[in-house]
Structure formats: C-alpha cells, structure tokens
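K.L.:
coordinates only, sequence not included:
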C-alpha cells in the first residue's frame, strides 16, 4: 500500500501539486493500492483535478489537517497524533510507504518521534517545500533555531526517511549546506497537474497582458508588480494590462496604486476554475519574488506558467536561474527593479512575435518533461534508492 497525506492544506492550495503527485505515483505503480488522506474540501477539488479514471483507483479518506498559522508546539502535537494514526493504517508489507506531500519543521520532528516508539516502521517520504535555516545565516535565538528546518532534519537521525525537494538545484544547495543529508534528500521535478494546460499558444498582440499569480504577498513582490504597473501604464497607456490572479491578504490591503490593475486581487481564494479563466488570456507571468524567501523553495506559479505555456519574467533566484540554464529561452531574468521595468518596456517596444512563440513552444517541451507519465520512471528509481 502507498498512503499519501496532505497534512497541511485544507482547501485549494496544493491541489494542482497533489494531483500531479497522485498521477505520477499511479503511473509508477499501477497495481499498488493507493490511498489519499486529506481535508474533505481538498479531496473534493482533488478528485475533479485528477479526473474520474484516476480518482476511482484511489481510496479517499478524510482527516482534519493542521493548516499554517498554528504555533510550533501546537502543530507538533497535532501532527504527531495524525502521523501515528497514519502509521497504524499502513500494512506491514515491506513495500508499504507513507508520503507526506507537505511538511513544516514540526512535521519532520513529529515523524521522527512517532517512529521512535514503533518496532516496525514503514518507509517514509516527505516533500519539503520550504527549508528555513538550512542555508545561510540561522536565527540566533535558541528557540527559533530549534524550530527551523535545519534542526528538524539533523535531530534524531533519518533512518527510513527520504526527503524530496522539487528542483535539483535546491537539492544541491541543501547537500552543500548539510553534507550529512547526502543520500537522504533527493529531487523529483515538480510534476504538472494532469488534465490541465494550454492547447494552443497565444499570439503576442496589444494589449500585452502581464500577470501576477497567487497570494499578493510582499515576499512574492506584489508591491513591486503594482509599482511597475503604474509606471508602465503612465507611459504606454492601454498597450499594457496588469492582472493579479489571486487573493489579497491583510498585509497587502493598503498597497498604493492598485487602481491601475485591470484585474485586482480578490478578497477570497479563487476556485481553480476562476484561476484558469484568469491565467488563460495572459501573455507573460511576472515572478518578482524576494530572493531571501525563495532561494530554497520551488515555485508552483512557475509550474502554472509551464502548464499554460506563458513565458516568465523572473528575478534571478537560483531555482529560476537553473530552469533557464536547463531549458533555454523561456522568458526573461532580471536582477533588480529597474531591470524589470526595462524588460517590460522592451517587450512593449519591440513586440517580438517570433521570439514570443519560440518561448511558448519551449515551455511546451518543458511541460512534457514534467508530465506524470514522464516522471514515473524517476519516482520508481527514488523508491528503489530509499530501500
């Protein structure tokens, strides 16, 4: 049995990623019993995302996840309870495996503690979307240091646990910072959700539409996107449009100049259907992320850009830079705010239709490389290595 659990997210977040994971595992192990545990609302959306054929081959089970926002201690004890429950559900078959599709530092430590009190433990895989404290300067306060991912990964050993990150460049940086994790942390390319993606490549024509996807956070560069929108609109008028396809959190409600946005962020989280309707007419996806927050984090928005074949305008961050080095011309990279402004102006001034089409078609090739059927072989090999 392979048991997959989304222990963190209780609504639409991570539905596309989890759909890609389920499709990849089913392709890799078509005859194994597959069970998914998650929140009721999450499961409902996930079934739609994967399609009836795949959904009917999975055993669906509801749990109460622990969403972001809880304190470290509260999360730890609640996660420990869920993980013990999941371990009891797994058979003692040597091929049984538990995969957590997301994990905080508290989740990693809870998993290790839960395994201490069992005589027989299943193989565990944990997907790490964030790696606070692993690379660079750590926080000095001992309480905060104890609660970061560095401590979680190095405390109590890692026997029987395989950590997965979603880009090879992230794995390399982690192993460079923590050599003891060599052989314990591996990379699996971020899978594309099945039954989703562009059918035709859009033509580059006025108005050229620039999009910001996801929650409008400062760490994702939302204030910078708004500033660019104001400067470009003042100079080029209706030749450019700026759309935010996502939710506005409390921290961004008072960002100035949002009236220039053709599509402002919404008060509530978008349904996947509304998100797709928003992304479809866009020409470019802008990723002005702050480097400190995304050096060791894969971007789901980048995967949306790949799935829908929308060239990106992205800050020079190791994960984004590695994608350009690996796949070629899939958009533009910028180092600072003025470079972002210059790139947007260049696109408007030259309107290079031929280059835009090449970029979009290249993203189609990238999309094929992230398809679950393509990634199934790599996932089987990761499972073989974990034994």
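P.N.:
Yep, it's here. In this text, all values refer to a predicted model and were calculated from it rather than measured experimentally. Numbers count the residues shown, from 1 in each chain.
K.L.:
which residues of the stretch 101-250 of the chain score low on pLDDT?
P.N.:
132-133, 135-136 (pLDDT under 70).
K.L.:
where along it do the strands fall?
P.N.:
In the stretch 101-250 of the chain, the strands defined using DSSP state E, counting those that start in this stretch lie at 123-127, 161-165, 185-187, 208-213, 240-245.
K.L.:
kindly reformat those as JSON lines containing distance to residue 172 and mean neighbour count.
P.N.:
Using the backbone N, CA and C atoms, a C-beta is placed for each residue, glycine as well. Below are those laid out as JSON lines (distance: least, CB to CB, whole Å; neighbours: other CB atoms under 10 Å):
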{"stretch": "strand 123-127", "distance to residue 172": "17", "mean neighbour count": "21"}
{"stretch": "strand 161-165", "distance to residue 172": "10", "mean neighbour count": "22"}
{"stretch": "strand 185-187", "distance to residue 172": "8", "mean neighbour count": "20"}
{"stretch": "strand 208-213", "distance to residue 172": "27", "mean neighbour count": "24"}
{"stretch": "strand 240-245", "distance to residue 172": "32", "mean neighbour count": "23"}
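K.L.:
now distance to residue 83 too, for those, in CSV please.
P.N.:
Shown next, in CSV, are the strands of the stretch 101-250 of the chain (distance: least, CB to CB, whole Å):
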stretch, distance to residue 83
strand 123-127, 9
strand 161-165, 12
strand 185-187, 19
strand 208-213, 32
strand 240-245, 35
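K.L.:
spatially central residue in the protein, please.
P.N.:
For the chain, residue 300 is the residue whose C-alpha lies nearest the centre (CA atoms, centre = their mean; 3.4 Å).
K.L.:
and that residue, how far from residue 289?
P.N.:
12 Å (CB to CB, to the nearest Å).
K.L.:
spit out the residues that contact the two alike.
P.N.:
Contact criterion CB atoms under 8 Å, 6 or more residues apart in numbering; no residue bridges residue 300 and residue 289 by contacting each.
K.L.:
can you pull the contacts of the residue nearest to the centre of the chain?
P.N.:
14, 16, 17, 190, 214.
K.L.:
and residue 263, its phi and psi?
P.N.:
phi -120, psi 110 (degrees, to the nearest 10).
K.L.:
ok, the nearest residue to it once chain neighbours are set aside to residue 290 distance?
P.N.:
In space, and not counting its chain neighbours, residue 263 is closest to residue 243: 3.8 Å by CB to CB, 6 or more residues apart in numbering. Remark: distance between residue 243 and residue 290 (CB to CB) = 21 Å.
K.L.:
again, but for residue 363
P.N.:
When distance is defined by CB to CB, residue 363 is 24 Å away from residue 290.
K.L.:
also residue 64?
P.N.:
In terms of CB to CB, residue 64 sits 33 Å off from residue 290.
K.L.:
for residue 126, which residues make a bridge with it?
P.N.:
Beta-bridge pairing of residue 126 under DSSP bridges involves residue 100, residue 163.
K.L.:
let's have the chain start at 762 instead
P.N.:
With the count now opening at 762, the last piece we talked about shows up as residue 887.
K.L.:
any idea how far it is from residue 922?
P.N.:
Distance from residue 887 to residue 922, counting by CB to CB: 7 Å.
K.L.:
residues near residue 1096, how many?
P.N.:
Residue 1096 has 10 neighbouring residues, counting by other CB atoms under 10 Å.
K.L.:
ok, and the closest non-adjacent residue to it?
P.N.:
Nearest non-adjacent residue to residue 1096, counting by CB to CB, 6+ apart: residue 1077, 5.2 Å away.
K.L.:
for that neighbour, grab phi and psi.
P.N.:
Main-chain dihedrals, residue 1077, degrees, to the nearest 10: phi -70, psi 90.
K.L.:
quick one, what contacts it?
P.N.:
Neighbour list for residue 1077: 1052, 1094, 1095, 1096 [criterion: CB under 8 Å, 6+ apart].
K.L.:
may I see those organised as a markdown table, with secondary structure added?
P.N.:
As requested, the contacts of residue 1077 are arranged in a markdown table below (DSSP: H, G, I helix; E, B strand; the rest coil):
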| residue | secondary structure |
| --- | --- |
| 1052 | helix |
| 1094 | strand |
| 1095 | strand |
| 1096 | coil |
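K.L.:
please indicate which of these are buried?
P.N.:
Neighbour counting by 16 or more other CB atoms under 10 Å classes 1094, 1095 among those as buried.
K.L.:
burial of residue 1093, as a residue count?
P.N.:
Residue 1093, neighbours per other CB under 10 Å, totals 20.
K.L.:
list the helices and strands the host helix or strand of it packs on?
P.N.:
In this structure, residue 1093 sits in strand 1092-1095 according to DSSP states H and E. For strand 1092-1095, the packing partners by 3 or more CB pairs under 8 Å, 6 or more residues apart in numbering; DSSP states H and E come out as strand 1073-1076, helix 1079-1088, helix 1098-1111.
K.L.:
check the offset of the last one from the chain's centre.
P.N.:
In other words, helix 1098-1111. The chain centre lies 27 Å from the centre of helix 1098-1111; the measure is CA atoms, centre = their mean, to the nearest Å.
K.L.:
equivalent analysis for stretch 781-794, please.
P.N.:
Put simply, stretch 781-794 sits 19 Å off its chain's centre (CA atoms, centre = their mean).
K.L.:
same question for stretch 839-846.
P.N.:
24 Å.
K.L.:
contacts for it, please.
P.N.:
The contact list for stretch 839-846 (CB under 8 Å, 6+ apart) reads 766, 768, 824-827, 831, 865, 867-868, 871-872, 874-875.
K.L.:
and what of stretch 809-827?
P.N.:
Contacts for stretch 809-827 (CB under 8 Å, 6+ apart): 766-771, 776-777, 780, 783-784, 787, 794-801, 803-804, 807-808, 836, 839-840, 843, 846, 954-957, 1033.
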